[in-house]
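Chemist: coordinates only, no sequence provided:
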């Protein structure tokens, strides 16, 4: 494994600087994970759909003849001012501010980011690839370029507060794009048996906020909602930490025009009530949330710009309170599952279903080892042990989709992944390649 990585890094070093970052990422990930896809994708451009900069929106479809459909919404930040929509804010802004190129589906993100799209947990050197429940499904893949978690409905002119650049006209056209794609998918896949609507990060939020519209349009025999790390927290008033974010995006993205179309089971004054709405409106569907307690990406979006103190531990504390409230809400509905590991060093503990499932496992009773002789078990440096079932993401998905099981695991505080020898090797390499 080390020789392969060295070879990749040496090859990447010969690439001109402008392209080097993507080459390094692709080279390292292609060695670390037996992943990626080379599907025959169909590019689709629908009239009236746009990216934030006004360019044509594009999405891709993979057809297999399966009765089932995976509807994936890509993640990648959010924006509501010049700094975040222009791309100047970097990771804390919106993805693809310059639109979607025709080659997008063969580039790094679309090729590697989702094991669900690729139909397999990629595997690592010495860790075999595992097929997932979505293998062989039809796929609708929605890139993200509107900065509004695929659900905004506004055109805004943002001013550069530094005065260095002219105003930016931005199309928050996520709602138009999402509903147009859903209507198109309905004509192409008229008899869907299982619809899995999912997304990670901003795409996870989009899954929760857009499920009602997409599910109603495609009208499958069975619906499945999997929100990966894009929680829509309860915030009925200003005493809830997520309320400031919700108020900001309500205005910037004109969300009242979208959410005003939802049934009365949704409370427009509390965006977090959307979880209750989907549970009640679709009682026979399987709904699920997954994400890490120590997420330090989405949590920064939620609180860093709106609250002080906003150091890392304060942000984690705000997140934990909101997450506890979300878990208690999900417990009220029989069709809601949750799968919440504590921490993994990859991508700042953000997203459970991206790149690789290593570290994407959860144990209800993960504790410090209880007995001295347990420290003699390999690996010897591991001080934590699972005293209940150790459930991997692949097992969760199989039971949840194939068996319609309700699974609820909220892992207690632990640092099992930090002490895992494999994670100690893989996480720094992936994070380094991603520039983290």
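Modeler: That came in fine, so what should we check first? Being a predicted model, the structure only gives us computed values, none of them experimental.

Chemist: per-domain residue ranges of the chain.
Modeler: Each domain of the chain is listed here as a residue range: 1-32, 34-433, per automatic domain parsing.

Chemist: can you give me the helices in this protein?
Modeler: With DSSP state H, the ranges of helices along the chain come out as 2-13, 17-32, 82-85, 108-112, 115-118, 174-188, 202-218, 243-252, 256-259, 274-281, 298-303, 312-330, 393-397, 421-433.

Chemist: so which of the domains of the chain is the most surrounded?
Modeler: Highest mean neighbour count among the domains of the chain (mean count of other C-beta atoms under 10 Å): domain 34-433, with a mean of 19. Every residue, glycine included, has its C-beta placed from N, CA and C.

Chemist: show me the contacts for the residue lying closest to residue 406 once chain neighbours are set aside.
Modeler: Residue nearest to residue 406 in three dimensions, not counting chain neighbours: residue 337, with 5.2 Å by C-beta to C-beta, 6 or more residues apart in numbering. Going by C-beta atoms under 8 Å, 6 or more residues apart in numbering, residue 337 touches 286-289, 330, 400, 405-408.

Chemist: who's residue 337 bridged to?
Modeler: For residue 337, the beta-bridge partners under DSSP bridges are residue 288.

Chemist: show the pLDDT at it.
Modeler: On pLDDT, residue 337 comes in at 98.

Chemist: if I look at it, how far off is residue 195?
Modeler: Distance, residue 337 to residue 195, by C-beta to C-beta, to the nearest Å: 17 Å.

Chemist: separation between the residue nearest to residue 406 and residue 249?
Modeler: In this view, residue 337 and residue 249 are 27 Å apart by C-beta to C-beta.

Chemist: same question for residue 319.
Modeler: Counting by C-beta to C-beta - residue 319 and residue 249 are separated by 18 Å.

Chemist: could you do residue 258 as well?
Modeler: Distance, residue 258 to residue 249, using C-beta to C-beta: 11 Å.

Chemist: residue ranges with poor pLDDT in the stretch 301-436 of the chain?
Modeler: Low-confidence segments of the stretch 301-436 of the chain (pLDDT under 70): 433-436.

Chemist: right, and residue 64 touches residue 134 too?
Modeler: No - look at residue 64 against residue 134 with C-beta atoms under 8 Å: they stay out of range, at 10.5 Å.

Chemist: any idea what residue 131 is bridged to?
Modeler: Using DSSP bridges, the bridge partners assigned to residue 131 are residue 120.

Chemist: can you check the pLDDT for residue 88?
Modeler: 88.

Chemist: which residues sit in contact with it?
Modeler: Residue 88 touches residue 82, counting by C-beta under 8 Å, 6+ apart.

Chemist: separation between it and residue 307?
Modeler: Computed as C-beta to C-beta, the residue 88 to residue 307 distance reads 22 Å.

Chemist: ok, residue 208 next?
Modeler: Residue 208 sits at a distance of 23 Å from residue 307 (criterion: C-beta to C-beta).

Chemist: mind listing what the closest residue in space to residue 95 that isn't next to it in sequence touches?
Modeler: Excluding the flanking residues, the one nearest residue 95 by C-beta to C-beta, 6+ apart is residue 76, at 2.6 Å. Neighbouring residues of residue 76 by C-beta under 8 Å, 6+ apart: 94-96, 144, 201-203.

Chemist: closest to residue 381 among those residues?
Modeler: Nearest to residue 381 among those is residue 201, at 31.5 Å by C-beta to C-beta.
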